[in-house]
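K.L.:
no letters, just coordinates:
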């Protein structure tokens with residue numbers, strides 16, 4: 001907000017300086033050179049303020065460090081292509097998905113190694129997800145895996161997309177593949193827990209959440225699932241324990257308690273319907 005105000009003031013300063021100069025020359029008949037220097041100085045001050053307040057792009061080496069696992073050694077032997085890949089990743093982070101996809105499509109033709117195929121395919125799919133093109137993202141993940149560039153992250157992401165598409169079997173298979181490729185990755189366990197919770201499979205949800213917590217005790221999403229399951233089953237003591245852990249790890253307490261009430265109401269309604 002502060003930067004926006006600065007930019008508006010800078011633009012107004014430039015417009016005012018040029019406007020007053022033009023008014024003096026055209027309306028008051030002043031000599032063009034009379035206030036020219038002052039006008040230029042004021043206008044340049046406005047331009048300088050605009051340049052200083054312009055958002056600065058993060059350097060590419062920051063993205064290389066932030067996505068070291070995803071990028072691996074992709075195009076490590078070709079500085080120009082490596083730079084193009086990092087620039088595409090930066091565009092993805094700036095939510096400029098069409099431009100990022102265009103850059104990645106050019107690199108796709110040059111991808112030869114597993115790391116290159118994986119990096120290009122992964123970020124292409126992520127950009128497609130950003131655009132809401134989930135079917136295209138699924139196709140990109142599947143194509144990348146078919147080329148032998150499999151990863152736990154790829155299958156975990158793919159499982160989420162299948163879950164959103166309500167293709168439960170494919171989602172579960174993707175999560176299990178993610179676990180197979182990286183048994184120490186807690187995310188697919190957490191994803192299974194959430195999927196089982198949505199399906200009302202509370203025991204399965206609790207088991208998967210417990211597995212996620214074994215791998216990462218600070219996984220608030222898994223503690224959230226355990227709190228909800230305990231709430232649904234009426235185990236108030238266990239529920240409160242899990243609520244505290246979830247909140248300690250970053251969960252919003254009010255949102256969590258609303259979720260517990262929501263799922264408890266659903267379970268109660270289902271039980272009533274079965275007894276009717």
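P.N.:
Now that the structure is in, tell me what you want to look at. Being a predicted model, the structure only gives us computed values, none of them experimental.
K.L.:
how many neighbours does residue 118 have?
P.N.:
Other residues near residue 118 come to 24 when the count uses other CB atoms under 10 Å. Quick note: C-beta positions are derived from backbone N, CA and C, even for glycine.
K.L.:
so what pLDDT did the closest residue to residue 156 other than its chain neighbours get?
P.N.:
In space, and not counting its chain neighbours, residue 156 is closest to residue 178: 4.2 Å by CB to CB, 6 or more residues apart in numbering. The model reports residue 178 with a pLDDT of 96.
K.L.:
residue 178 contacts residue 185, doesn't it?
P.N.:
Yes. Assessed by CB atoms under 8 Å, residue 178 is found in contact with residue 185 at 6.4 Å.
K.L.:
so those two - more neighbours on which side?
P.N.:
Set residue 178 next to residue 185 and count neighbours by other CB under 10 Å: residue 178 wins out with 26 against 19.
K.L.:
how far away is that one from residue 102?
P.N.:
29 Å (CB to CB, to the nearest Å).
K.L.:
what do you get for residue 117?
P.N.:
Distance of residue 117 to residue 102, given as CB to CB: 18 Å.
K.L.:
can you give the contact residues for stretch 71-91?
P.N.:
The contact list for stretch 71-91, computed with CB atoms under 8 Å, 6 or more residues apart in numbering, reads 57-58, 60, 63-64, 67, 97, 99-100, 103-104, 106-107, 110-111, 113-116, 118-120, 123.
K.L.:
related to what we said a few turns ago, any residues in contact with both of residue 178 and residue 185?
P.N.:
152-153, 156.
K.L.:
among the residues you listed, which are located in helices?
P.N.:
Judged by DSSP state H, the shared contacts of residue 178 and residue 185 include 152-153, 156 as members of helices.
K.L.:
would you format the residues you listed as a markdown table with neighbour count and distance to residue 274 included?
P.N.:
Listed next are these as a markdown table, based on neighbours: other CB atoms under 10 Å; distance: CB to CB, whole Å:
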| residue | neighbour count | distance to residue 274 |
| --- | --- | --- |
| 152 | 19 | 38 |
| 153 | 18 | 40 |
| 156 | 23 | 34 |
